[in-house]
Each structure stands twice: as C-alpha cells, then as structure tokens.
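Okay, sequence plus prediction incoming.
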Amino acid sequence: MEPGDVTFTEQPSIPMQGRYTRLVPLSREFTEELFQLAAANRIPWQWHAPETPEAFQESLWRGVLVQYAVQDVRTGRSVAFVRADNANLFFGFAYITMMIHPDCRMKAWPLEGALLFGNYLFTKFNLEHLYAETTESYLQQFASGIGTQFEVEGRLRNRVVVNGRREDLYILTFTRERWLAEGVPAVERATRRLRAPELV
Amino acid sequence: MPSFDEFVALVAPALGVAPGDLGPHRRLGADIPVDELSLSQLVLAIQELNSYFDLPDQLDLEDVTVADLHHFCTVMGPGHQERWSRAT
C-alpha cells in the first residue's frame, strides 16, 4: 500500500429483512393508503385526522430522520409504517412512531418490523434514547412491555382528544442499553430463521 | 418435541403468567390477557422450540387454546404453510 492510499472497511450490512417482514421505502400507493386510514381515523395520525391531502403529505416528511414501510415478505403488502423523527444526534435521541394497519393488528408477526427498525436506528446512528408518544388506549396494545422492553418516562394528563375522548399522553423510552441486552439477540433470532417454505 | 407440561413451562414467561395458569383449554385473549407485544414474544418463544412453527394465517391468534398451540408446535414441520394453503 502506497503512502496516502486510503482503504475503506466495508461495514457489515444492517439486516432489513426478517422471517416475516422487510423494511422498504414508502411507495406512492402505501402513502395514499396511509392517508385514507388517517382520514378515516383508523390510525392515529398525530392524534387527529389530517385536514387535507397536502397537509398530510407535508406532515409525512416533516422532521424525518428515516422512515420505512414494513412489508409482508409473503405477499409484498405494506402492513405497517415506522418512522424516526425530530432527532438530536448531538445528545443522541430521536422520536419513533409505529402504526400497524388495522387489518394486521394482533397478528404478532408485524412487530418484527419494529425490531428490525430499532436495530437499524441503534446500529446506524449515535442514539442512546428513542422516545415514543402514545395514549392510554393505544398503550394497552403493548403494555406488557412496560419495565421490560421500555419505560414510561412521563404522563401528560388529558393532553389529547382521540375520537372525541380526552386521553392522557404517555412518553415511553427505549434505551440503547436495553436494546443491546434484549433487542440484539431478538434480531439475531429473527434474521437467522427463514420461513419453512424457504428451507425446503 | 416438548410434552404439554414442558411446553407451558417454556412459554409462560412470554405471556407473563405462571405455568399453572396455562391449562389446555384456556384461550388466549378470552382467558389469558394478551397484547400485541406478548403475542409476539409468545411466537418467538415457541419458535425457539420448533423453528418451523407458524400459526396459519387463517387462524386468529387471539382465539386459540393452549392445547392448540402445543399441537401446532408439535406437528409443524417443513412446508406446512404451503400444505395448509392448498387445503383451504
């Protein structure tokens, strides 16, 4: 090697696909579907339905660090939306959002996309804390993770109105420390196993 | 493959319950509280026992009994999803 030559060490790629899901860029079709779901109050877009398609488009990309659709590897259908925004890479935090298509709730496997996305964020960026906001009614969908997967950092009483009902807003924290202890092994399990038909 | 008692001992922590709470006829959702996250943990725990385990898409995970889960964990092998799809 000559003086002045520069070599680049290739980074091992960050897994973007697991057994059930893969992270893909948002398509025009899925963006339209998200708008339809938000307008019908079937997903909690900023805790209220978007006023116009233009306002929705603007809010879709405002402050984004990175966002993906979670795609079902079997059908190619986008089943969830994951996003990190309002990041402060100096202090090492960002806010995250996940919305699962109403047709795919309580199916278990779409959450693999959240696992891949968390791994992507903690691997690619200098992040120590990921924050998420949710309301009481949505927190019930994953409350079993309190104290094991994440902490409840704060509670703002009667902060938002969801479908005509005033609700508390909860601030949740996912830490890098907990990610290394529990998330990394879970990602390894999710990515080393292929679905059965792919094995035969 | 694990016996029923071994199975419930291994998956109970994923649901945050004691093995004794997982009788064979108890149903997820109706009898055993579950949420998105605990269902996900449950599937991962069962796949540790049988990497071919998958609930058929046609079944609602919230409405299966513990005995159903043990049955699927015991019988599922390579290609089961394809066979199930052809049969329905």
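In hand now; what should we look at?

list the helices and strands the helix ranked longest in chain A packs on?
Longest helix of chain A, by residue count under DSSP state H: helix A:111-124. When contacts are defined as 3 or more CB pairs under 8 Å, 6 or more residues apart in numbering or on different chains; DSSP states H and E, helix A:111-124 packs onto strand A:21-24, strand A:64-72, strand A:78-88, strand A:93-100, strand A:129-135, helix A:184-192, helix B:36-49. Every residue, glycine included, has its C-beta placed from N, CA and C.

can I get those in a markdown table with mean pLDDT, distance to A:Gly147 and mean neighbour count?
Formatted as a markdown table, the helices and strands packed on helix A:111-124 follow (pLDDT from 0 to 100; distance: least, CB to CB, whole Å; neighbours: other CB atoms under 10 Å in any protein chain shown):
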| stretch | mean pLDDT | distance to A:Gly147 | mean neighbour count |
| --- | --- | --- | --- |
| strand A:21-24 | 96 | 26 | 21 |
| strand A:64-72 | 97 | 25 | 20 |
| strand A:78-88 | 97 | 23 | 20 |
| strand A:93-100 | 96 | 19 | 19 |
| strand A:129-135 | 96 | 15 | 19 |
| helix A:184-192 | 84 | 17 | 16 |
| helix B:36-49 | 87 | 12 | 21 |
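
Stretch A:131-149: end-to-end distance?
12 Å (CA to CA, to the nearest Å).

Name the surrounding residues that touch that stretch.
Identification of contacts with stretch A:131-149 by CB atoms under 8 Å, 6 or more residues apart in numbering or on different chains yields A:44, A:47, A:93-98, A:105, A:150, A:152-153, A:160, A:162, A:165, A:167-174, A:178, A:182, B:16, B:34-38, B:41.

And for stretch A:178-185?
Applying CB under 8 Å, 6+ apart, the external contacts of stretch A:178-185 come out as A:Leu115, A:Gly118, A:Asn119, A:Phe122, A:Thr148, A:Gln149, A:Phe150.

Among those, which one sits closest to chain B?
A:Gln149 (6.6 Å; CB to the nearest CB).

Quickly list what the most centrally placed residue in chain A is bridged to.
Nearest residue to the geometric centre of chain A (CA atoms, centre = their mean): A:Val82, 3.2 Å. Counting by DSSP bridges, A:Val82 forms beta bridges with A:Tyr68, A:Met98.

Pipe the helices and strands packed on helix A:111-124 into CSV and attach distance to B:Asp60 per row.
As requested, the helices and strands packed on helix A:111-124 are exported to CSV (distance: least, CB to CB, whole Å):
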stretch, distance to B:Asp60
strand A:21-24, 19
strand A:64-72, 17
strand A:78-88, 16
strand A:93-100, 16
strand A:129-135, 24
helix A:184-192, 23
helix B:36-49, 11
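
Tell me the residues on chain B that lie near chain A, please.
Contact residues, chain B versus chain A (CB under 8 Å from any CB of the partner chain): B:16, B:34-44, B:47-48, B:51-52, B:54-55, B:60-62, B:76-82.

Show the contacting residues for the residue nearest in space to the middle of chain B.
Centroid-nearest residue in chain B: B:Leu69, 3.2 Å away (criterion: CA atoms, centre = their mean). Contact analysis of B:Leu69 by CB under 8 Å, 6+ apart lists B:Phe7, B:Val11, B:Leu28, B:Leu42, B:Ile46.
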